[in-house]
Structure formats: structure tokens, C-alpha cells
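Enquirer: give the three-dimensional model of this entry:
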Amino acid sequence: MLLLNPGPVTLSERVRKSLLQTDLCHRESEFFDLQDEARQRLLEIYALDPTAWSAVLMTGSGTAAVESMIGGLVPAQGKLLIVQNGVYGERIAQIAAQYGIAHTLVTHEWMEAPDLARIDAALAADRAITHVAVIHHETTTGRLNDLPAIDKLCQARGVRLLVDAVSSFGAEAIDFGGNIDAVAATANKCLHGVPGAAFVIARRDALASATSRTYYLDIARHAKLQDQRNTPFTPSVHAYYALVEALREHRDEGGWQARHQRYAALAEEVRSGLAALGVEALWPAAQSSVVLRAYRLPAGVTYEQLHDGLKARGFVIYAGQGGLSSQLFRISTMGALHASDMHRLIAGFREILHR
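Expert: Numbering: from 1, shown residues only. Next up is the predicted model:
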């Protein structure tokens, strides 16, 4: 079965076999060697200076990393502006509300791109705002939000930027040279690891002034102990094995730029094949990530018909979220996928639609 959902992904044999390594106690030096390698390789993806940046590992999903970032890096007297144009922006708002973090929203319809003028006006109107949170790749619709433009607004207004890059890290461009304080992501999306290992890439000076609102997800505690070759809790050891092997494979295949090109080529195979069948992409390529594309359901065809027909042919696709479930379906090209797989996928669509 090939997974075309936005994580977990279809694993390469190399990464799958890494799960069969010896059982390992997380208090032994061999585990800390593994942890150190993962942290180093995560920084190397975007050529980050380890004296200025820290890769902070934790056991959990991508949401755990986002929650740790928001809960720890917005100071006690800070205020967060949340750019919201999909499910995951709404999730950050729910996290902020649950932790009692002062926040304000710039909300958009799910189909809308972030309105830079509205964001800038909100920053200008409220000088108490210290941080902005944004989703890089909003997988609700497959839209790639304009992170560089939002970062420029933050630089102009003197506020820091927190980025949910859960489904873009490792395959989309991220410029860490501006006002980004932290990026949250996970192993089981563009890095092609397994669920259970998540991380935050954070500036060390931001970690130095982190606050503690949570226990298990306390980012400062994780960062401090990992720098000391330690860990506060029992991590998912085998997920870390897989993460390290996935990071080695990521490097061997050419890094994030090569993965971007690979995804783009596969996504274009799907887009052009579906276009020939009369199935319309939601966004032009320039507005979409290469990681996942959303498509409009053909007239007279339900998502369930598509999903079940394709699953019988060895593919798992993904529904639209919320109210979009009756309008859209989504296809991700992450994981150990090849052009030949996309050709078989389009053949499956052709058979289903022609029926």
C-alpha cells in the first residue's frame, strides 16, 4: 500500500530496516550518540550554526513540537499574533487559549492566502505583540504561505516569528536569516522517518529566555539536557533510529533542494495526469507546496468512491478537511514514491472515473 496522505509516509527499505536495530537503553552513551547525530543532522539541512541554533528533540507528533514551541517561546508577558488560514492555524489558536497566552488573530477563509496588509495593520495597531505564529505549508488546502513576506513584516515591526513547518521542513526553502526564532517539525513527513520523533529548531538566545508553561513539553528543559547528553524522559528510541537513518538518506539524496525537485516532479506527474482526466487542481503550482496538492472532486463522484477505488488498487489518498470534505481531495508526494507509481495512480483514476 502506497501512502499519498500527508504523513505518515511510505518508508524506504533503508529506513524500515533501521527499525530492526538492537534494543537500546536511553540512559546509555550509545543512545546519546544517536541523539547527538540526529540533532547535528537536523541543523545541517539548512546549514545552521550550532552555536546559534539548537535542534530540540521530543517524543510525539508534529503537534507536540508546535505546542512545545508556542508554550515555551512566547514569554509570560508576551503576546502572540496568529495568522490563520486553515486547520493548523486554528490549532495554534487553541493551544494559545489553553495555555492562557495573550493572543490575537488575523483570520482568513481557508481558501485565502494571508493578507499581508491586514497582518501589518494588526502589528501596527497593537505594540504589545511580541511574536507572530504562522503555518508555512497549510495542508488544509496545500497552500504554501508566503513565509519570506511575513518574515519581512516581522523584521520591520521588531517582532519574532514562530513557524509551524511540520509539513515543509526538509523539502521547502526556509530562510533562517531573518526574524525566525523557531521552527517546529516532525520526522514522519518530508524527512521520511516514522511517527514518534518531533523537534523544534530554535535560536539559542530564544531558548535562554524561554518560559515554562508545561511539564513534558518544556522546550528549555529538553534543550538543556540534550546539550548535556541527557534526556528528561524516555524517548521513542526506535523512532530515533529511523530519524537518523532518514536524515542520512536525505543527505545522500542531495538534501532539501533535491527532495524539493523530486516532489515537484511527482506532483506535476499527478497534476498533468489528472488534468487530462478533467480533474482540476485547487491552486496553480506557484501557490502550492510541492509536498501536497489539493484537487476538486469531479462532478458526480464522491470522495468515498475515489478513496475506496484507489485503496483497492494500492493507494491511500486524503480527504478535504471540515467543510471542504465534499469539495476536495488531497494527494501528497512524500515518501518512497516514484514516477512509475504516479503513472499507476493516474491509471487507477482513469478506470474509476470512466466507470
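
Enquirer: surely Asp164 touches Ile92?
Expert: Yes: between Asp164 and Ile92 there is a contact under C-beta atoms under 8 Å: 6.7 Å. For every residue, glycine as well, the C-beta is placed using N, CA and C.

Enquirer: helices of the chain, residue ranges please.
Expert: Counting by DSSP state H, the chain has helices at residues 13-18, 29-45, 62-73, 87-99, 116-125, 147-157, 204-208, 219-227, 237-252, 255-276, 303-311, 339-354.

Enquirer: by contact count, what packs against the third one?
Expert: For helix 62-73, the helices and strands in contact under the criterion 3 or more C-beta pairs under 8 Å, 6 or more residues apart in numbering; DSSP states H and E are strand 53-60, helix 87-99, strand 160-164, strand 180-186, strand 196-203, helix 219-227.

Enquirer: flag every buried residue along stretch 243-253.
Expert: For stretch 243-253, burial by neighbour count (16 or more other C-beta atoms under 10 Å) applies to Leu243, Val244, Glu245, Ala246, Leu247, Glu249, His250.

Enquirer: go through stretch 175-188 and flag the buried ones.
Expert: Applying 16+ other C-beta under 10 Å to stretch 175-188 flags Phe176, Asn179, Ile180, Asp181, Ala182, Val183, Ala184, Ala185, Thr186, Ala187, Asn188 as buried.

Enquirer: which residues touch the fourth one?
Expert: Read it as Asp181. The contact partners of Asp181, by C-beta atoms under 8 Å, 6 or more residues apart in numbering, come to Leu73, His131, Arg160, Leu161, Leu162, Ala202, Arg203, Ala206.

Enquirer: show the pLDDT at the second one.
Expert: Spelled out, that is His131. Note for His131: predicted pLDDT of 98.

Enquirer: circling back to that earlier point, what's the closest of the buried residues of stretch 175-188 to Ser168?
Expert: Ala185 (7.8 Å; C-beta to C-beta).

Enquirer: and the closest one, bridged to which residues?
Expert: Residues in a beta bridge with Ala185, per DSSP bridges, are Phe199.

Enquirer: and if you look at Leu81?
Expert: Thr104, Val132.

Enquirer: do I have it right that it meets Ala125?
Expert: No: taking contacts as C-beta under 8 Å, Leu81 lies outside contact range of Ala125: 10.3 Å.

Enquirer: between the two, tell me which one has more neighbours.
Expert: Leu81 (24 against 9; other C-beta atoms under 10 Å).

Enquirer: mind listing what the more buried one touches?
Expert: 103-106, 119, 122-123, 126, 129, 131-133, 159.

Enquirer: on that earlier part again, now do the shared contacts for Asp164 and Ile92.
Expert: Val66, Ala133, Ile135.

Enquirer: ok, the first one - contacts?
Expert: What that stands for is Val66. Counted by C-beta under 8 Å, 6+ apart, Val66 has contacts Tyr88, Arg91, Ile92, Ile95, Asp164, Val166, Ala184.
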